[in-house]
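> need the 3D shape of this:
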Amino acid sequence: MVNIETLLKTIIECYDFIKSLIGERYPSIGSVYELINSLHGSKLMLCRSRGGRPIYALRYGNKGLPVLVWGGGDANEPLGVLSSITLAKILELTGLHDRLGLSVFIVPLLDPDGYVLNKWFDNPYDPKHYAMWSYRPAIDDSPEYTFDKQHLPETRGLIELIKDVKPFIVISLHSQPYPGSYVLVSREIPGLRDVVVRLSRSFNAPFINVKELFEEYKRIDVGIYSIVGTLSGIGYVVKKGFSTVGIVPDIAEFYDLGASIDKPISRNKVKKSMDVINNSLCKCIEKAVNVYNSLRDLRSSHAFFKSFEDNYSNGVSLDYVGVNTVAEYVFHYLYRKVWRSMMMFGQLSRIIIEACGGDNEFKDQLKDLNQCMCKAEDLLKKFGLGFVVKSIRDKVAIEVLLVLHLLYSIKSMYMKP
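The predicted structure follows:
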């Protein structure tokens, strides 16, 4: 198992060096390329994106068991980009890959075209700012979720690398907006549970503890879930036999301290809070859907509509859901209803500002949507067990420590059937 105390100092030193270059924010696309160019791993350009931007892979170690790590598969998740660059810096300074007998390939940013459309990186500690200015492409336009179709150059470039190096383990670095972190795995990882528990305690950063995530990923242990299906890139790569082990660390940007609490919650409390949520957000959601429908003529001409259509065109369901624990309540009510409502109001506000050019016709609607975002944020803080914002350094440390544990565990996994 990883000695967290020993490795944390190295991670912080590497991150602080990167921070000295970019400040207390997530890096712009220009800064990402500057950071990649400052690294000394062997550099390979996999391909160019649909927008003509280069997608690079860095290699550390010319022989040994191959490992592939990529970040930025979801364009609105810069933490994985920063974590992958921090990991590369650690390998440069420590030579850890050679000591472990590994050849590590790192693709810091898989979707640069989507990345540039995110405008929340300069203010990463405000949930309303995130809701309004983050951008995640529709599934069909996302390199992370089109491995089965391979119609995007970014996906094809990564798959060619995978076929060429045949990595034993593939790791896709992500960030979950709220209310806690989790790890998806394709098989048992020795010692992972202990690392998750220690990280959660050390950083006061809960890992989500529900029976299943998104009706798809079954819980193995607290914060650890099984990868199934082939929708995600990792799932596809493992299911098709291109790699033996697949891991997805998904670290929260914003936390609720109740996300991991397995204690029972009373039905009466759930009903009372749901009544308040309904009274606060039901009309807001109806207004937002009506505003969206009024923009019908613009839908084919603006990139953000397709993303919005994927997620929010029918609003957000406020129907009652049966939950038994505090963690289930936080996930199914505060995240899937309140947080998603705030995201809907924010994403629609951005569409109005950018697609309509700030047309005065929509001035009142923008004001209403902003008030709706404020209501949703207030509900998160009122009904949660503690709304927490972590520093970027802490989040990078959590994600990189998980990856380092995986690297240390590879030999024992390699010898297991």
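> what residues are up against the closest residue to residue 53 other than its chain neighbours?
Counting by C-beta to C-beta, 6 or more residues apart in numbering, residue 53 lies nearest to residue 112, which is 4.1 Å off, once chain neighbours are set aside. From N, CA and C alone the C-beta is placed, and that goes for glycine too. By C-beta atoms under 8 Å, 6 or more residues apart in numbering, the residues touching residue 112 are 29, 32, 49, 51, 53-55, 72.
> surely residue 410 and residue 64 touch.
No. Proximity of residue 410 to residue 64 does not meet the contact threshold set by C-beta atoms under 8 Å, at 9.8 Å.
> what's the overlap in contacts for those two?
By C-beta under 8 Å, 6+ apart, residue 410 and residue 64 have these common neighbours: 100, 102.
> neighbour count winner among those two?
residue 410 (21 against 16; other C-beta atoms under 10 Å).
> okay, and that one sits in which element?
Secondary structure assigned from DSSP states H and E places residue 410 in helix 392-415.
> contacting residues around the nearest residue to residue 136 once chain neighbours are set aside?
Excluding the flanking residues, the one nearest residue 136 by C-beta to C-beta, 6+ apart is residue 76, at 4.4 Å. Residue 76 sits next to 114, 118, 134-136 when contact means C-beta under 8 Å, 6+ apart.
> go on, residue 176?
Neighbours of residue 176 in contact, by C-beta under 8 Å, 6+ apart: 182, 208, 250-253.
> if we go to 7 Å?
182, 250-252 (C-beta atoms under 7 Å, 6 or more residues apart in numbering).
> what's the nearest residue to the residue nearest the centre of the chain if we skip its chain neighbours?
Closest residue to the average C-alpha location of the chain: residue 175 at 2.3 Å, with C-alpha atoms, centre = their mean. Spatial nearest neighbour of residue 175, chain neighbours left out: residue 79 (3.8 Å); criterion: C-beta to C-beta, 6+ apart.
> so that neighbour is in which element?
Using DSSP H and E, residue 79 maps to helix 78-94.
> now do that helix against helix 392-415, angle only.
70 degrees (axes from the mean of the first three to the mean of the last three C-alpha atoms, to 10 degrees).
> looking at this, the residue nearest to the centre of the chain is in a strand?
Yes. Assessed by DSSP: H, G, I helix; E, B strand; the rest coil, residue 175 belongs to a strand.
> hmm, which helix or strand of this protein has the shakiest average pLDDT?
Using mean pLDDT, DSSP states H and E, the weakest-scoring helix or strand in the chain turns out to be helix 303-312, at a mean of 86.
> and that one, what does it pack against?
Judged by 3 or more C-beta pairs under 7 Å, 6 or more residues apart in numbering; DSSP states H and E, helix 303-312 is in contact with helix 340-355.
> can I assume the residue nearest to the centre of the chain is in contact with residue 81?
No. Shown here, residue 175 and residue 81 do not form a contact pair, counting by C-beta atoms under 7 Å, at 9.7 Å.
> and residue 102, backbone torsions?
Dihedral pair for residue 102: phi -120, psi 150, per degrees, to the nearest 10.
> ok, back up a step: quick one: contacts of the least confident helix or strand of the chain?
With C-beta under 7 Å, 6+ apart, helix 303-312 has contacts from 135-139, 141, 299, 344, 347-348, 350-351, 354-355.
> rerun that using 8 Å as the cut-off
117, 135-141, 288, 292, 295, 298-299, 340, 343-344, 347-348, 350-351, 354-355.
> with stretch 268-285 instead?
The contact list for stretch 268-285 (C-beta under 8 Å, 6+ apart) reads 315-316, 318, 320, 323, 329, 333, 337-338, 341, 344-345, 368, 372, 375-376, 379, 383.
> how about the strands in this protein?
Ranges of strands in the chain, per DSSP state E, are 42-48, 54-60, 65-71, 102-107, 169-176, 182-185, 212-213, 217-221, 224-226, 245-252, 254-256, 387-389.
> helices or strands up against the last one?
Same thing as strand 387-389. With contacts defined as 3 or more C-beta pairs under 8 Å, 6 or more residues apart in numbering; DSSP states H and E, strand 387-389 has these neighbours: strand 254-256.
> against which helices or strands is the strand it packs on packed?
Using 3+ C-beta pairs under 8 Å, 6+ apart: strand 254-256 touches strand 387-389.
> ok, residue 374 - contacts?
With contact taken as C-beta under 8 Å, 6+ apart, residue 374 is in contact with residue 128.
> what about 10 Å?
Shown in contact with residue 374 (C-beta atoms under 10 Å, 6 or more residues apart in numbering): 128, 342, 345.
> now do it against residue 128, distance only.
7 Å (C-beta to C-beta, to the nearest Å).
> okay, and the common contacts of those two?
342, 345.
> wait, what's in contact with residue 325?
So residue 325 contacts 209-211, 258, 260-265, 331 (C-beta under 10 Å, 6+ apart).
> correct me, but residue 139 touches residue 145?
Yes. Using C-beta atoms under 10 Å, residue 139 is in contact with residue 145, at 5.0 Å.
> quick one, which of those two is more surrounded?
residue 145 (22 against 14).
> from what I see, that one and residue 154 are in contact.
No. Counting by C-beta under 10 Å, residue 145 does not reach residue 154; the two are 11.4 Å apart.
> what touches both of those two?
Taking C-beta under 10 Å, 6+ apart as the criterion, residue 145 and residue 154 both touch residue 73.
> in this structure, where's the longest helix?
helix 267-294 (DSSP state H).
> now do that helix and helix 303-312, the angle between them.
Calculated by the same axes, to 10 degrees, helix 267-294 forms an angle of 150 degrees with helix 303-312.
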